[in-house]
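K.L.:
Make a model of this:
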Amino acid sequence: MPSLPPRHLVVMVKEPRPGKVKTRLGRDIGMTNAAWWFRHRTSEMLRRLESPKWHLWLAVSPDHEGLNSRVWPARFSKIPQGRGDLGQRMSRAFRRLPRGPACIIGGDIPGIQPKHIETAFRALGHSQTVFGPARDGGYWLIGLKRTSPQQPSFLTDVRWSTEHALADSIASVASQSIALIDTLSDVDTLEDLKTISL
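P.N.:
Numbering: from 1, shown residues only. I've put the predicted structure just below:
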C-alpha cells in the first residue's frame, strides 16, 4: 500500500524586535512588551504544536536575520518569507515546501491546540482548501491539499488586516472545494489580549 505524502505545518514568524512585530498591540502596551509577548507566546505555541503527525516549519522574516536567528529552536526547518504582502509570502511558502498537504498559521493564536491542526488536515482529505476563520473577519489558518498547481488568482486582491480578508481569500480560490473549520482569535490589539485573558 503506497505511503501517504507527509503533512507540513508552517508557522509564520517575525524576529521579535520592538517596533517590528505586533505593532498594533505595541501601540497599546508598548513595543517592547508586545515583542516580549509575541516571542514567549509563539515559543510556547511551537512546543504545543510539535507532533510526529506533521513536519513543523518556520517561515521567517526578515529573511537573512530569521534564517540565522537563535530566537527560535534550531530543530525546526526554516524557509524565508521573502518580500511582498501576506498573500504573496504565504503563496511562496506553499510553493517551497516538499510535496504533501500543508497548512500555514501565524504565531499569535493563543487558543490553538494540536486538535485544531488535525481537524484542518482531515478537512484536506475531502477539500482542496481549508480555512480557520478568525472572529475579526480574517483567518488563523489556511491549508492546501496541493494536488494541483496554484491558480494565478490565489490570495491576490485580498484586503489584509480588515474584516474582508477571509471573504477575499475565499474568492481567490473560488473554483476549488473549500472547508471551514473552528473559529479562533489572533491577538492584534489590547482588546484581543483582554479577551483571551478572561
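
K.L.:
Just name the shakiest helix or strand of this structure by mean pLDDT.
P.N.:
helix 190-197 (a mean of 71; mean pLDDT, DSSP states H and E).

K.L.:
Report all helices and strands that that helix contacts.
P.N.:
helix 23-29 (3 or more Cβ pairs under 8 Å, 6 or more residues apart in numbering; DSSP states H and E). Heads up, the C-betas are built off the backbone N, CA and C, glycines and all.

K.L.:
who touches the very next helix or strand once past the helix it packs on?
P.N.:
Going down the chain from helix 23-29, the next helix or strand is helix 31-49, by DSSP states H and E. Around helix 31-49, the neighbours that count as contacts under Cβ atoms under 8 Å, 6 or more residues apart in numbering are 9, 11, 13-14, 16-23, 25-26, 29, 56, 71-73, 76, 107-110, 112-114, 117, 187, 193.

K.L.:
Please list the members of those residues that lie in helices.
P.N.:
Counting by DSSP state H, the contacts of helix 31-49 place 23, 25-26, 29, 114, 117, 193 in helices.

K.L.:
Which of those residues are buried? Put it as a ChimeraX command.
P.N.:
The ChimeraX selection below is limited to those of the ones in helices among the contacts of helix 31-49 classed as buried (16 or more other Cβ atoms under 10 Å):
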select :25,26,117,193
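
K.L.:
and of the ones in helices among the contacts of helix 31-49, the nearest to residue 133?
P.N.:
Residue 133 lies nearest to residue 117 out of the ones in helices among the contacts of helix 31-49, by Cβ to Cβ, at 15.2 Å.
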